[in-house]
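*Asks:* My questions concern the predicted model and sequence given below.
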Amino acid sequence: MGGGWNDDTLFMSFHQADLPLDGNEHARAIIDTVHTKFEKTGLFRDGYCRIHPIDRMHTGDFISERYNTMVNNLGQAYAAEREMESAWRLDHPDETPVNYAQGIAFRTSVNVFHWYWGQDRPEEPYVSKPLDVLAKEFRMYTSNLDDFYFYRMTESNVHRDDYIPRGAPNMYTYMLGGPRGARWDAHLKLAVMWPSGGGPEVARVILRADDTSVEAACYSFDSRTRDLSMRLCRIDDGRYRVGLYRDLSGTGNAGTPLWEDERDLKLFDVVTFPVPPRTPLVIRVEQIEPRERPAELPDLVIDPWDVNASGGAVTAVVHNLGNGAANNVVVRLLDGDKTMQEKTITRLDAPTDFVAKRETVRFPGVSASRNLRVVVDPENVVTEILEENNEAEVRR
């Protein structure tokens, strides 16, 4: 996969960070596996490198890039709590060995939480280059894609930090609506992610994005209608009009609507658009009415591997990744749609001190079934940062 054991394994994390955010599960798996397996060696654990001496630059590269796993796996407790271990060390230099990059790299771990909590947002709108200018730029990139280039990127094993696809870092900016930023002190500026329905068959360019709107040019090369999902990563909460509009001139100007809807949206919500084949389009999300968003919100999470059955009992680990506490959290064990048992967590504090906050719930005397699942806050009583990470099937 590359030429080295530490920072050179990060080639896709740094130079093609847009791929996992465009629904490419293989790219995400490569990045996740590098960090997860490296952690298992014990050489890098508890938020810092345990090898001494080591050159600090490469250790710093590794930890400063790991925040990508939290972004790529939005709302996952494992990735987030691992990042908390490094975030905690920024303010505890006396309790951290010297073999890390002078604390600089730990800022990225802190910043990604501030972004997730809605506290670190871009101040200026993102405005794209004109589409005709981008077209010339893309033609320049593709002019390099010959057999020699393909060899360089595959058999010759130079696809690492000294050689990347021409224009690859810019793809992040154009398709996600914001520059990727520096690895040492990353402040995330992306406007959207594309969880599904995108990929190479659907060309997209973010034309403009701010706190109340997103506009993108889109063209699907597919022969059928595709459900294209867009996750909104910088909007304010509110009532929005979302729609698809014809762009017959291909200049990014919205014409007649093909599909429109109105709905309440908040940060990190997903909108799915029915994209027709081979039609120049503009995707638009625009606020109609603002909504108040609490400054502090919990985020109740249960990972897929957090729910297990053994000896007639089911255990579930419930996490809080938000910056607000949650009280009287209901945790329900179901067999299909039938409630089997229910427990209540009196309080789950917020990890604003970057120390993981979680609690294990146990359901005894559970009959075996293939349809068991555990749901946190099943009635959606608690207002959260993310609502889609509250359920997991029982593993045996």
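*Replies:* Looks like it arrived, so ask away. Residues are numbered from 1 along each chain as shown.

*Asks:* what residues are up against Val271?
*Replies:* Shown in contact with Val271 (C-beta atoms under 8 Å, 6 or more residues apart in numbering): Ser229, Met230, Leu232, Val242, Arg263, Leu265, Val285. The way it works is simple: take the backbone N, C-alpha and C, and place the C-beta from them, glycine included.

*Asks:* What's opposite the closest residue to the fifth one other than its chain neighbours in the beta bridge?
*Replies:* So the one you mean is Arg263. Spatially, and ignoring its direct neighbours in sequence, Arg263 is nearest to Tyr240 (6.3 Å; C-beta to C-beta, 6 or more residues apart in numbering). Applying DSSP bridges to Tyr240 gives these bridge partners: Arg263, Gln287.

*Asks:* Could I get the contacting residues of Tyr240?
*Replies:* Glu262, Arg263, Asp264, Leu265, Val285, Glu286, Gln287, Ile288.

*Asks:* ok, 6 Å please
*Replies:* Contacts for Tyr240 (C-beta atoms under 6 Å, 6 or more residues apart in numbering) come out as Leu265, Val285, Gln287.

*Asks:* As TSV, these with pLDDT, neighbour count and distance to Arg278 would be great.
*Replies:* As requested, the contacts of Tyr240 are exported to TSV (pLDDT from 0 to 100; neighbours: other C-beta atoms under 10 Å; distance: C-beta to C-beta, whole Å):
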residue	pLDDT	neighbour count	distance to Arg278
Leu265	98	20	29
Val285	98	24	23
Gln287	98	18	31
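
*Asks:* Closest to Tyr126 out of those residues?
*Replies:* Nearest to Tyr126 out of the contacts of Tyr240 is Val285 (C-beta to C-beta; 13.5 Å).

*Asks:* Serialize the contacts of Tyr240 to CSV and add fields for distance to Pro195.
*Replies:* Listed next are the contacts of Tyr240 as CSV, based on distance: C-beta to C-beta, whole Å:
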residue, distance to Pro195
Leu265, 15
Val285, 15
Gln287, 22
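
*Asks:* Gln341 is in contact with Phe363, correct?
*Replies:* Yes. Taking C-beta atoms under 6 Å as the definition, Phe363 is a contact partner of Gln341 at 4.6 Å.

*Asks:* which of the two has more neighbours?
*Replies:* Phe363 (22 against 17; other C-beta atoms under 10 Å).

*Asks:* What does Lys343 show for phi and psi?
*Replies:* phi -130, psi 160 (degrees, to the nearest 10).

*Asks:* ok, now Lys37?
*Replies:* According to degrees, to the nearest 10, Lys37 has phi -70, psi -40.

*Asks:* Then Ser109?
*Replies:* phi -60, psi -40.

*Asks:* and it, what does it touch?
*Replies:* Glu83, Ser86, Ala87.

*Asks:* any idea how far Gln341 lies from Tyr151?
*Replies:* 59 Å (C-beta to C-beta, to the nearest Å).

*Asks:* my bad, Arg231
*Replies:* Taking C-beta to C-beta, one finds Arg231 at 36 Å from Tyr151.

*Asks:* Compare those two (neighbour count), which wins?
*Replies:* Arg231 (18 against 11).

*Asks:* number of nearby residues for the closest residue to the more buried one other than its chain neighbours?
*Replies:* Leaving aside its chain neighbours, Arg231 sits nearest to Met193 (4.1 Å; criterion: C-beta to C-beta, 6+ apart). Counted by other C-beta under 10 Å, the residues lying close to Met193 total 24.

*Asks:* Can you give the strand pairings for the helix or strand containing Met193, parallel or anti for each?
*Replies:* According to DSSP states H and E, Met193 maps onto strand 192-196. Strand pairing for strand 192-196, using DSSP bridges, gives strand 226-232 (antiparallel).
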